[in-house]
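Colleague: Sequence plus the predicted model coming up.
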Amino acid sequence: MAVPLTRPGLREVNREQILRTILRNGPLARVDLAHHVGLTTAAISNITRALIDDGLLYEVGATRGNRVGANSILLDIPEDTLVLGVVHQGVSAIRIALSTLRGRILARRIIMTPVPYTPAWATGSIAQALRELLQQCGYAPETLIGVGAGLVGLIDAQQGMVKRAHRLGWHGVPFGLLLAQELQCPVAIENNVRAMAFGEALLGASRDWLDFAFVYVGTGIGSGLIINSRPYRGAYGGAGEIGHITVNPTGERCSCGNDGCLETIAAEASIVRRIQSQSLALSVTGGAKESVQALAALALTGDSTAQAIVIDCGESLGIALANLVDLFNPGRIVLHGAITEAGDIFFSSVSRCLHQRAFSTNDEDVELVAPTFGTDAGLVGAAAVALDALVLTQNIKEREMIHMGTVAQ
């Protein structure tokens, strides 16, 4: 049975629409907000007054209005008075930063992680890094209004829970609550690739695409699905595990226990094994990611062996993406990861195989693009998670409840 919105519910919906409209379109006058949102100027004035009191909007100056001699005051989201903490967790490192409410990264830090490490170590290290970044940038602790974190594994975003992260050995970890208790501020979490996808949808060049996929090729291979501009999680939070699509039933055993998963052919560790089997002489300082970056650079110089490895990786990914396209039918796929640094050598091999195998691409194109924010895709994605959960769709009282750990995020 549908539940009608109460007056407070309608006010919250209108508040969210106003913030999203300004986030998308930049500074706007109240009369223009009324046109975009479909409210009266009186209603707009009441809601924006409350948002200004909360510090989520401010007046940035005047612009010439439609009437002769009239000026309109512009409203915008603050760029320097409130900040978000953002976290992107990888398998070997955690990237931490401060962000504006528009996803602009202000300062950052990378923590290389030991093997293994505990959730307590992670939350303590993240909290300490954010405190130091706030001090470094001259911000008081209270200007940190929330934290967004993109984490590895199967995530229950509503409960702030890491359900399973096999590579870390984590199961049933209430990460959102643990970090909120460390920082005494609200925390929202999401799967790291889904967060990257949401960063594209909310803050990036894909904001005009209602339905698209974001695919990351790293230690594992994951995808974030955006449907109607929102992340799609599936019934249990596991949507997008494209790395475990079978592309070669007689192939290598995968870490998940199945044979021939995409990750056994196209993930970084698999690419490194191909590099080693071909005895490619790469001058590399670092781990698998740096080796793949070196391979991509070598392929761009014209080395045929390096190009063959890149192309094989791209074709395997194309097989999996053809399945994704036939099931999901996106108009755009954002591809990210070290292997994408091979440029058109990689992208053209993915595209060729995808269009050969996907049923729907016979008369419909699928655009393959690089991420808007490059290597900052994870951090901006975490900013989008925090912005959406803790700023756009939460009122001040609810944020205080999350702060106290009463509401799970």
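Modeller: Here it is on my side, so go on. Residues are numbered from 1 along each chain as shown.
Colleague: What residues of stretch 77-85 count as buried?
Modeller: Applying a neighbour-count criterion of 16 or more other Cβ atoms under 10 Å, one finds 77-78, 82-85 buried in stretch 77-85. Backbone N, C-alpha and C define where each C-beta goes, glycine included.
Colleague: Could you report the neighbour count for residue 331?
Modeller: 15 (other Cβ atoms under 10 Å).
Colleague: between the buried residues of stretch 77-85, which is nearest residue 148?
Modeller: Of all the buried residues of stretch 77-85, residue 148 sits closest to residue 84, with 6.3 Å by Cβ to Cβ.
Colleague: how far does the helix or strand harbouring the closest one sit from the chain's center?
Modeller: According to DSSP states H and E, residue 84 maps onto strand 83-89. Between the centre of strand 83-89 and the centre of its chain there are 11 Å (Cα atoms, centre = their mean, to the nearest Å).
Colleague: Give me the next element, helix or strand, following it.
Modeller: strand 93-99.
Colleague: between that next one and strand 83-89, what angle do the directions make?
Modeller: Angle of strand 93-99 versus strand 83-89, following axes from the mean of the first three to the mean of the last three Cα atoms, to 10 degrees, is 160 degrees.
Colleague: Mind listing what's buried along strand 93-99?
Modeller: Quick answer for strand 93-99 (16+ other Cβ under 10 Å): 94-99.
Colleague: so after it, what's the next helix or strand?
Modeller: Criterion used, DSSP H and E; the element after strand 93-99 is strand 105-112.
Colleague: ok, and for that next one, which residues are buried?
Modeller: 105-109, 111.
Colleague: Which neighbouring elements make contact with that strand?
Modeller: Under the contact criterion of 3 or more Cβ pairs under 8 Å, 6 or more residues apart in numbering; DSSP states H and E, strand 105-112 touches strand 93-99, helix 119-137, helix 377-386.
Colleague: got the ones you listed as JSON lines, with mean pLDDT and distance to residue 146 columns?
Modeller: As requested, these are exported to JSON lines (pLDDT from 0 to 100; distance: least, Cβ to Cβ, whole Å):
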{"stretch": "strand 93-99", "mean pLDDT": "97", "distance to residue 146": "10"}
{"stretch": "helix 119-137", "mean pLDDT": "97", "distance to residue 146": "11"}
{"stretch": "helix 377-386", "mean pLDDT": "98", "distance to residue 146": "5"}
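Colleague: For the nearest residue to residue 221 once chain neighbours are set aside, which three-state class applies?
Modeller: In space, residue 221 comes closest to residue 243 once its chain neighbours are excluded; the distance is 3.4 Å by Cβ to Cβ, 6 or more residues apart in numbering. Under DSSP: H, G, I helix; E, B strand; the rest coil, the three-state class of residue 243 is helix.
Colleague: Report the contact partners of residue 243.
Modeller: By Cβ atoms under 8 Å, 6 or more residues apart in numbering, the contact set of residue 243 is 220-222, 261-263, 267.
Colleague: Count the residues that sit near the residue nearest to residue 85 when sequence neighbours are not counted.
Modeller: Nearest residue to residue 85 in three dimensions, chain neighbours excluded: residue 147, at 3.8 Å (Cβ to Cβ, 6+ apart). A count of nearby residues for residue 147, using other Cβ under 10 Å, gives 30.
Colleague: One more: residue 214?
Modeller: By other Cβ under 10 Å, neighbour count at residue 214 equals 31.
Colleague: contacting residues for the closest residue to it other than its chain neighbours?
Modeller: In space, not counting the residues next to it along the chain, residue 214 is nearest to residue 197; the distance is 3.5 Å by Cβ to Cβ, 6+ apart. The contact partners of residue 197, by Cβ under 8 Å, 6+ apart, come to 212-214, 223-226, 231, 334, 381.
Colleague: just to revisit the earlier point, take the buried residues of stretch 77-85 and write them to a markdown table, including distance to residue 271 and pLDDT.
Modeller: Listed next are these as a markdown table, based on distance: Cβ to Cβ, whole Å; pLDDT from 0 to 100:
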| residue | distance to residue 271 | pLDDT |
| --- | --- | --- |
| 77 | 41 | 94 |
| 78 | 43 | 93 |
| 82 | 41 | 95 |
| 83 | 37 | 97 |
| 84 | 34 | 97 |
| 85 | 33 | 98 |
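Colleague: Taking these together, which two end up most distant?
Modeller: 77 and 85 (17.1 Å).
Colleague: Could you identify the helix or strand that succeeds the longest helix along the chain?
Modeller: Longest helix in the chain, counting residues (DSSP state H): helix 304-328. Downstream of helix 304-328, the first helix or strand assigned by DSSP H and E is strand 332-337.
Colleague: partners of that following strand, with directions?
Modeller: strand 212-217 (parallel), strand 367-369 (parallel) (DSSP bridges).
Colleague: residues in contact with that strand?
Modeller: Applying Cβ under 8 Å, 6+ apart, the set of residues contacting strand 332-337 is 196-197, 200, 206, 209, 212-218, 268, 292, 317, 321, 324-325, 346-347, 350, 366-371, 377.
Colleague: And stretch 255-268, what's buried?
Modeller: Result for stretch 255-268 [16+ other Cβ under 10 Å]: buried residues 260-268.
Colleague: what mean pLDDT does that stretch have?
Modeller: Per-residue pLDDT over stretch 255-268 has a mean of 90.
Colleague: what's the straight distance from one end of that stretch to the other?
Modeller: Distance between the two ends of stretch 255-268: 14 Å, counting by Cα to Cα, to the nearest Å.
Colleague: Which per-residue confidence value corresponds to the residue nearest to residue 85?
Modeller: For residue 147, the predicted pLDDT is 97.
Colleague: sorry, back to before: what is the nearest of the contacts of residue 243 to residue 19?
Modeller: residue 222 (29.2 Å).
Colleague: give me every residue that touches the closest one.
Modeller: When contacts are counted by Cβ under 8 Å, 6+ apart, residue 222 touches 191-194, 215-216, 240-243.
Colleague: picking that back up, residue 32: which of the buried residues of strand 93-99 is nearest?
Modeller: Using Cβ to Cβ, the buried residues of strand 93-99 come closest to residue 32 at residue 99, 26.4 Å.
Colleague: okay but that closest one is in contact with residue 385, surely?
Modeller: No. Between residue 99 and residue 385 no contact is recorded; they are 10.8 Å apart, counting by Cβ atoms under 8 Å.
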